[in-house]
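Participant: sequence plus predicted model, see below.
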Amino acid sequence: MTREITYLEALREAMVQEMRTDKEVFLIGEDVGTYGGAFGVSKGMLEEFGSERVRDTPISEAAIAGAATGAALMGMRPIMEIMFMDFLTISTNQLVNAAAKMRFMFGGKCSIPMVIRAPSGSGTGAAAQHSQSLEAWFVNVPGIKVVAPSSPYDAKGLLVTAIRDNNPVLFMEHKLLYRMKGPVPEESYGIPLKSAEVKREGRDLTIVAYSIMVPRALEAAEKLAAEGIEVEVVDPRSLKPLDTETIIRSVSKTGRVLIAHEAPTTGGFGGELAAVIAASEAFDFLDAPIRRLAGRDVPIPYNRTLERAAVPQVEDIVAAARALAQEGK
Amino acid sequence: MTVLTSTKTKKVPTPGSNRLVHELPREKLAWMLQRMCEIRYFEEKAEDLYIRGLVHGTMHLSIGMEAGSVGSIATLRPEDLIIHHHRGHGHTIAKGADLTIMMAEFLGRETGYCRGRGGSMHIADIPGGNLGATGVVGGGIPTAVGIALALQMRRSEQILLSYFGDGATNEGEFHESLNMASVWKLPVVFICDNNQYGMSMHTSRSMNVEKVSMRAASYGIPGVTVDGNDVLAVYEAVLTADERARSGQGPSLVDCLTYRWRGHSKSDRNLYRTNQEIDEWKQKCPIKRFKQVLVDAAIMTRDEVEGIDQTAKTAVDHAAEEAQTFPEPSPENMEDEVYAL
């Protein structure tokens, strides 16, 4: 049965259902127990699963990551919650040098099935150290997968898949999406990684967006439709592995592409997307240069006006897409 | 067990050695001596191969530190686990590695433990309970917490030995991990292979406590410093820690005070210590000393200990010869091995 629940509830449901069916799955992180997680994602889970499988930790992000990595090496399936994606900076040695590399470095003789759930993104007034989107760092590390759902349906299906995956999966949860409601089946289901989804079809231009930028792009597309510009919105859903085919197909059809993400432009994942498109058969169909609309190259500021201005908003996407639709005509 | 109050080790065998040498079965003592000799010969051979240009990259030799790895691993049951560090040939051999497969890894061959992907610094033998060596100082310690956590959650009787150097005890990961392991009473023994130098920095300049073991107080766990050149003293201290870990009482910190005769790695010109200091420690050779203990206690004759020594040398020579005939790995399809299916 499908009903409307929030992105946050969808994540919880994925964890609860996986923990009911697989004894090796457990949740570990700061304040995930009695507190229910800093954002309430694990609320109620302690009561069902107990303190061993919904495990509160000291404030020790390196040791949390190590605890997850070591347990995964032993064949368990830990879900590690980092309170804010920014704090992954403290976990990075374990994730980048241990979890990501052990399999390859040890000759393919082990696997590290773990999920790193990381609340990401700005818009909550939490300023520079609690608002980042660090996906590009991790995408550049062979051995880690990166997933960034944009809806409650995708959140549940992708988290189920991430938990069942036999590799470290960095799972980005945008904090502004936690309260977003949408239809989600009650029963368990997985969405394969490397399966981009066309969230809206259109003929005039493609917007490739993930995480919070998907609902913003969809809202922008709605506004542009009123002006007669039909926008196609493609959500890669997993950045690594990346479904390049769906993106290339869409761009080949529309001939114009705008790439939108919240992380800073320079060195951002948009550069990779642009390179993939430029090197593909879609290049021959391009009627305008590939455009990127991403975060400004600044730390996320505190002030509300500055914070909004630091990352693409709906009106920015509308303006950029409108300009792109006219380019070269 | 011997608790040292200074960084000088005693030249005479300790009381621990005197007693244990009579308590442990002769086969066990012979096993310990043979592993120590294998480690020494393996590393000398590794160095020789390097000098002859047959080895790519660098290596970190533990010559002079053989008592720590052997004395500690000798306390384990076969199913117990270890995780260790870049100076890890000793732990690997003590945990029962096949010398030929290990030498093959050292030479980067497809038939090596890590199929030539890891090399000297990352040898792992997962089925053999050697969960790998990390090249980032202190980097294995948080992973150890997770391994031990899995053992605890599965109600296993196995325990884990987690090795690191003195330099690692100044890393944040050490602090986070020992605290977490202590709070959760995890079945792990933390062992500091304390060779007194973090690359060039002596512990007297890198920490403001006299002994690494004093740091255990911060975590509410037992901490002991032992003569790390006395294989039986190490054995006794680690066995006590094992029992604590296995019975659910949690971790301990065992600080094995020793010395590496060689430089940190192949780039080291020993600018930070004197030849006299190195020579003094060579006089405290753990292998020579253990042989003497065995002979003095009339457990073995001089010929018998030298026979074990010779067996180890032959085994290493044979391993090195055979490993050099093994195939190189192919660069094709490397990407296919990054992710598990």
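Facilitator: That came through, no problem.

Participant: what is the closest residue to A:L193 other than its chain neighbours paired to in the beta sheet?
Facilitator: Leaving out its chain neighbours, the residue that sits closest to A:L193 by Cβ to Cβ, 6 or more residues apart in numbering or on different chains is A:S238, at 4.1 Å. For glycine as for every other residue, the C-beta is placed from the backbone atoms N, C-alpha and C. For A:S238, the beta-bridge assignment (DSSP bridges) gives partners A:V147.

Participant: number of residues surrounding A:S238?
Facilitator: Residues near A:S238, counting by other Cβ atoms under 10 Å in any protein chain shown, number 26.

Participant: how much space between it and chain B?
Facilitator: 12 Å (Cβ to the nearest Cβ, to the nearest Å).

Participant: isn't B:K266 right up against B:I51?
Facilitator: No: using Cβ atoms under 8 Å, B:K266 is not in contact with B:I51; the gap is 9.3 Å.

Participant: more neighbours: which of these two?
Facilitator: Comparing B:K266 with B:I51 by other Cβ under 10 Å, the one with more neighbours is B:K266, at 15 against 10.

Participant: chain neighbours aside, what residue packs nearest to that one?
Facilitator: B:T58 (4.8 Å).

Participant: could you verify that that neighbour is part of a strand?
Facilitator: No: assigned with DSSP: H, G, I helix; E, B strand; the rest coil, B:T58 falls outside any strand and is coil.

Participant: what kind of secondary structure is A:P299 in?
Facilitator: coil.

Participant: shouldn't it be in contact with A:H130?
Facilitator: No: between A:P299 and A:H130 there is no contact, the gap being 11.1 Å when judged by Cβ under 8 Å.

Participant: skipping its backbone neighbours, what lies nearest A:K194 in space?
Facilitator: Using Cβ to Cβ, 6+ apart, the nearest residue to A:K194 is A:P241, at 4.0 Å.

Participant: same question, B:R302
Facilitator: Once flanking residues are discounted, B:R302 sits nearest to B:V295: 5.5 Å by Cβ to Cβ, 6+ apart.

Participant: give me the number of residues near the one you found?
Facilitator: 16.

Participant: tell me how far it lies from A:M172.
Facilitator: B:V295 sits 64 Å away from A:M172, going by Cβ to Cβ, to the nearest Å.

Participant: strands along chain B, start to end?
Facilitator: Assigned by DSSP state E, the strands in chain B fall at B:81-85, B:130-134, B:160-165, B:188-194, B:197-198, B:201-202, B:223-227, B:252-257.

Participant: I'd like these laid out as CSV, including mean neighbour count, mean pLDDT and distance to A:G36.
Facilitator: Output for these, formatted as CSV (neighbours: other Cβ atoms under 10 Å in any protein chain shown; pLDDT from 0 to 100; distance: least, Cβ to Cβ, whole Å):
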stretch, mean neighbour count, mean pLDDT, distance to A:G36
strand B:81-85, 28, 98, 33
strand B:130-134, 28, 97, 34
strand B:160-165, 28, 98, 32
strand B:188-194, 29, 98, 30
strand B:197-198, 20, 96, 42
strand B:201-202, 15, 96, 45
strand B:223-227, 26, 98, 37
strand B:252-257, 28, 98, 35
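
Participant: and the pLDDT at the residue nearest the centre of chain A?
Facilitator: The centroid of chain A falls nearest to A:A148 when counting by Cα atoms, centre = their mean (1.4 Å). With respect to pLDDT, A:A148 has a value of 98.

Participant: shouldn't it be in contact with A:Y210?
Facilitator: Yes: look at A:A148 against A:Y210 with Cβ under 8 Å: they come within range, at 4.6 Å.

Participant: any common contacting residues for those two?
Facilitator: A:237, A:239 (Cβ atoms under 8 Å, 6 or more residues apart in numbering or on different chains).

Participant: tell me the domain ranges of chain A?
Facilitator: With domains defined by automatic domain parsing, chain A comprises A:2-185, A:197-326.

Participant: which of these sits most buried?
Facilitator: Highest mean neighbour count of the domains of chain A: domain A:2-185, a mean of 22 (counted as mean count of other Cβ atoms under 10 Å in any protein chain shown).

Participant: so how far is that domain off the chain centroid?
Facilitator: How far domain A:2-185 lies from its chain's middle: 11 Å, per Cα atoms, centre = their mean, to the nearest Å.

Participant: with stretch B:218-231 instead?
Facilitator: Centre-to-centre, stretch B:218-231 and its host chain are 15 Å apart (Cα atoms, centre = their mean).

Participant: if we can go back for a sec, and the strands of chain B as JSON lines, adding distance to B:M32?
Facilitator: Output for the strands of chain B, formatted as JSON lines (distance: least, Cβ to Cβ, whole Å):
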{"stretch": "strand B:81-85", "distance to B:M32": "16"}
{"stretch": "strand B:130-134", "distance to B:M32": "18"}
{"stretch": "strand B:160-165", "distance to B:M32": "16"}
{"stretch": "strand B:188-194", "distance to B:M32": "16"}
{"stretch": "strand B:197-198", "distance to B:M32": "26"}
{"stretch": "strand B:201-202", "distance to B:M32": "29"}
{"stretch": "strand B:223-227", "distance to B:M32": "15"}
{"stretch": "strand B:252-257", "distance to B:M32": "15"}
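
Participant: hmm, A:R216 is touching A:A260, no?
Facilitator: Yes: counting by Cβ under 8 Å, A:A260 is a contact partner of A:R216 at 7.3 Å.

Participant: what is in contact with the two at once?
Facilitator: Common contact partners of A:R216 and A:A260 (Cβ under 8 Å, 6+ apart): A:209, A:312, A:317.
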